[in-house]
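Q: coords please:
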Amino acid sequence: MERNHIIGILLIIAVLFLWNQFFFAPEMEKQQQLKRVQDSIAQTVLESTPSPEPAPRFDTAHASGTPDSLALPSPPQQEEQFAELDNGRLHLRFSNKGGQIRGATLLGFYKSFGHAEGGKLDKEVRLLEDPRNRFAYLVQQNGRVVRTDELYFDMVREDDRSLRFTADLGGGARFIQTYALREDDYTLDYSIKTEGQQGSEPVVLHWENHLDKIERNHEYEKYNSTIYFKEADKDPDYCSCRSDDRVDQANRSLRWVSHSHQFFNSSLIAEKGFQGLANETILLPETDGSLKKLVSELSIPANELASTGFRMQWYLGPNEYKRLDAFGVDLQYIIPYGWSIFGTVNRYIVRPLFSALAGMVSSYGVVILLMTLIVKLLVFPLGYKMLHSQAKMTALKPEIEKLKLKFKDDQQKQQVETMKLYNEFGVNPLGGCFPLLLQMPVWIALYRFFPATIEFRQQSFLWAADLTSYDEFLHLPFSLPLFGSSLSLFAFLWMVSTLVFTYYSSKSMDFSANPAMKYMQFLMPVIFWFMFNKTAAGLTAYMFFSNLLNIAQTLIGKYYLFDQDKIRVELERNKSKPRKKGGFRDRLETMMQEQQRQQQEKIKKTRK
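A: Sure thing, here's the model as predicted:
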């Protein structure tokens with residue numbers, strides 16, 4: 001089997017693995033049914049309306065089967081009022097209807113979606129603002145279900161950064177919510193409490209959130225936005241990003257739930273943990289103004305509400321690694337750096353390296369260039385082995401050409417004799433493949449790192465306006481599937497440099513056994529160009545810089561590191577050394593000899 005054939009197979013395997021890793025989230029097991037209280041949630045949600053107008057009052061008496069005589073009389077119509085809290089980073093808008101947050105503005109962060117190329121960014125990022133959103137506690141009171149989003153709360157400002165909301169549940173019971181915005185932070189201390197509530201049924205929180213389109217490449221944003229959650233004593237998990245998904249979690253304790261965009265999130269963290277019910281993601285059509293709808297259903301024990309209250313924290317802010325890590329509850333795992341070894345490489349190797357460089361250099365484009373150089377230096381021992389193997393293959397090329405002429409009519413025999421030649425001179429035909437394979441975890445990790453790191457967001461470099469989105473160097477008057485209607489110059493330069501590098505490297509390769517591979521190696525960069533045209537400019541810039549260093553490394557290896565005369569002397573020395581039997585080359589040679597024998601038997605049978 002030719003070296004380039006092996007490389008082709010490895011590339012195909014790598015592409016399939018990459019596709020599976022990044023485009024299909026793991027499916028979750030589903031339980032048979034939820035608690036009885038969850039059934040009441042489904043019924044009330046069906047009766048709510050997606051209209052921007054206030055939701056119609058839920059008929060709690062009929063929903064619970066309570067006679068009309070026990071239903072509370074409808075209170076007089078009240079006016080919705082608003083209050084605001086601001087700490088210079090986060091501006092919050094509250095409504096007395098439901099005592100809930102009606103909008104969170106992240107000061108200093110701006111939307112890219114719908115923004116003209118080169119124009120001024122003027123629309124700030126806002127979370128929890130869609131009028132279709134629902135944030136309601138379902139409280140059992142006197143055999144009835146009371147929804148807090150239909151109640152008008154008494155609103156009291158306790159100081160410049162805290163609000164208290166109190167509502168009458170009927171029968172002398174009250175529901176109290178308290179918000180306290182921290183100074184110079186995106187965190188909001190939040191607690192709920194009941195007074196005079198009768199019954200021990202848990203209170204259920206129904207949180208329905210329509211995610212706004214924030215990023216320029218909102219298709220990529222859609223597939224990197226979902227619900228993350230953390231069960232007690234388990235690693236964080238998430239709902240599917242690319243399809244509708246529902247994860248039933250009855251009787252499971254949840255530490256936190258996060259409704260996450262690509263770069264921002266709205267997270268609710270419980271001091272003692274929620275009792276999970278379900279989390280659900282629903283994709284919305286392209287014509288909808290939102291990315292997708294996220295729904296979380298959580299249960300809170302009634303005894304905690306009645307005694308000390310239930311304490312939580314809101315985090316409404318950017319996906320900044322250090323901020324999320326500071327909570328100490330693994331909230332930083334909502335940043336989609338990848339799982340398994342790839343996420344580990346990003347969090348504990350690439351991320352610290354980036355932070356160190358960003359602290360010394362102001363240009364993030366220069367940071368990417370320096371990261372490329374450092375990564376190349378770190379993997380240089382592997383690259384050196386690959387170049388050394390290529391140099392030995394080049395030195396043996398005249399001998400291989402002789403074998404091609406000698407066995408030009410018998411491809412199978414030609415391959416067997418070529419393997420014997422490799423064995424004779426101690427050359428491993430896969431010597432250039434294994435170093436390449438060992439570097440793949442770093443490459444795949446970087447593929448996830450650039451589009452997920454908020455520090456690169458809206459940072460410009462050369463012609464790229466945003467290193468986390470594609471660089472639109474030229475807008476096309478038409479749109480192509482996968483490619484889009486824009487030409488990314490970094491992606492184009494990567495393709496051209498790859499073709500140049502491939503052409504130069506393939507001069508020493510033998511394609512006689514598989515001529516199709518000669519053309520496939522030039523076709524693959526073009527195919528990947530279509531795939532990378534709409535990826536983050538930071539990634540394609542890294543790939544282009546990496547190619548330039550590959551070309552430089554190869555030229556240095558050819559003209560300065562590996563002298564062909566010395567390589568031939570090394571090969572002759574290897575030829576004279578006693579060689580151990582049973583190695584990989586021997587097994588490969590034996591396999592090819594067996595293939596040749598079977599081929600000859602088939603020919604004999606055909607002639608008979």
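Q: any idea which helix or strand in the protein has the lowest mean pLDDT?
A: Sorting the helices and strands of the chain by mean pLDDT, DSSP states H and E puts helix 60-63 at the bottom, at a mean of 34.
Q: beyond that helix, next helix or strand please.
A: Sequence-wise, the next helix or strand downstream of helix 60-63 (DSSP states H and E) is strand 82-86.
Q: remind me what the helix or strand just after that next one packs against, helices and strands.
A: Using DSSP H and E, the helix or strand that follows strand 82-86 towards the C-terminus is strand 90-95. Packed against strand 90-95 by the contact rule (3 or more Cβ pairs under 8 Å, 6 or more residues apart in numbering; DSSP states H and E) you find strand 82-86, strand 100-110, strand 173-181, strand 310-318. Every C-beta, even on glycine, is put in place using the N, C-alpha and C of the backbone.
Q: alpha carbons only: can I get the shortest one in PDB?
A: The reference is to strand 82-86. Listed in PDB are the C-alpha atoms of strand 82-86, where the atom choice follows Å, rounded to 0.1, in the frame of the first residue of the first chain:
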ATOM      1  CA  PHE A  82     -41.400  48.900  35.000                       C
ATOM      2  CA  ALA A  83     -38.300  49.400  37.100                       C
ATOM      3  CA  GLU A  84     -34.600  49.400  36.100                       C
ATOM      4  CA  LEU A  85     -31.300  48.500  37.700                       C
ATOM      5  CA  ASP A  86     -27.900  49.400  36.300                       C
END
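Q: what residues does it touch?
A: Applying Cβ atoms under 8 Å, 6 or more residues apart in numbering, the contact partners of strand 82-86 are 91-96, 102, 155, 157, 160-163, 179, 181.
Q: give me the buried subset of those residues.
A: His91, Leu92, Arg93, Phe94, Ser95, Asn96, Arg102, Met155, Arg161, Leu163, Tyr179, Leu181 (16 or more other Cβ atoms under 10 Å).
Q: nearest residue to the first one in space, please, no chain neighbours.
A: Meaning His91. Leaving out its chain neighbours, the residue that sits closest to His91 by Cβ to Cβ, 6 or more residues apart in numbering is Thr105, at 4.1 Å.
Q: so how many other residues sit close to the one you found?
A: 19 (other Cβ atoms under 10 Å).
Q: bridged to it, which residues?
A: Beta bridges link Thr105 to His91, Arg126, judged by DSSP bridges.
Q: ok, now Leu85?
A: Leu92.
Q: neighbours of it, how many?
A: Leu85: 21 neighbours (other Cβ under 10 Å).
Q: just checking, Gln198 is part of a strand?
A: No - Gln198: not assigned to a strand; according to DSSP: H, G, I helix; E, B strand; the rest coil it is coil.
Q: that one: neighbouring residues, count only.
A: 16.
Q: with Leu489 instead?
A: The number of residues near Leu489, taken as other Cβ under 10 Å, comes to 20.
Q: ramachandran angles for it?
A: phi -70, psi -40 (degrees, to the nearest 10).
Q: separation between it and Phe532?
A: 12 Å (Cβ to Cβ, to the nearest Å).
Q: same thing with His91?
A: 38 Å.
Q: low pLDDT regions in the stretch 251-400 of the chain?
A: The stretch 251-400 of the chain contains no residues with pLDDT under 70.
Q: identify the residues contacting His91.
A: Glu84, Leu85, Ala104, Thr105, Leu107.
Q: in JSON lines, list the residues you listed along with distance to Gln262 and pLDDT.
A: Shown next, in JSON lines, are these (distance: Cβ to Cβ, whole Å; pLDDT from 0 to 100):
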{"residue": "Glu84", "distance to Gln262": "27", "pLDDT": "95"}
{"residue": "Leu85", "distance to Gln262": "26", "pLDDT": "96"}
{"residue": "Ala104", "distance to Gln262": "17", "pLDDT": "97"}
{"residue": "Thr105", "distance to Gln262": "18", "pLDDT": "96"}
{"residue": "Leu107", "distance to Gln262": "19", "pLDDT": "95"}
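Q: one step back: does the residue nearest to His91 touch Glu124 like I think?
A: Yes - counting by Cβ atoms under 8 Å, Glu124 is a contact partner of Thr105 at 5.3 Å.
Q: what lies in contact with the helix or strand encompassing Leu305?
A: Per DSSP H and E: Leu305 is located in helix 302-307. Residues from elsewhere that reach helix 302-307 (Cβ under 8 Å, 6+ apart): 140, 192-195, 197, 199-203, 272, 310.
Q: hmm, try it at 6 Å
A: The contact list for helix 302-307, computed with Cβ atoms under 6 Å, 6 or more residues apart in numbering, reads Lys193, Thr194, Gln197, Ser200, Pro202, Val203, Phe310.
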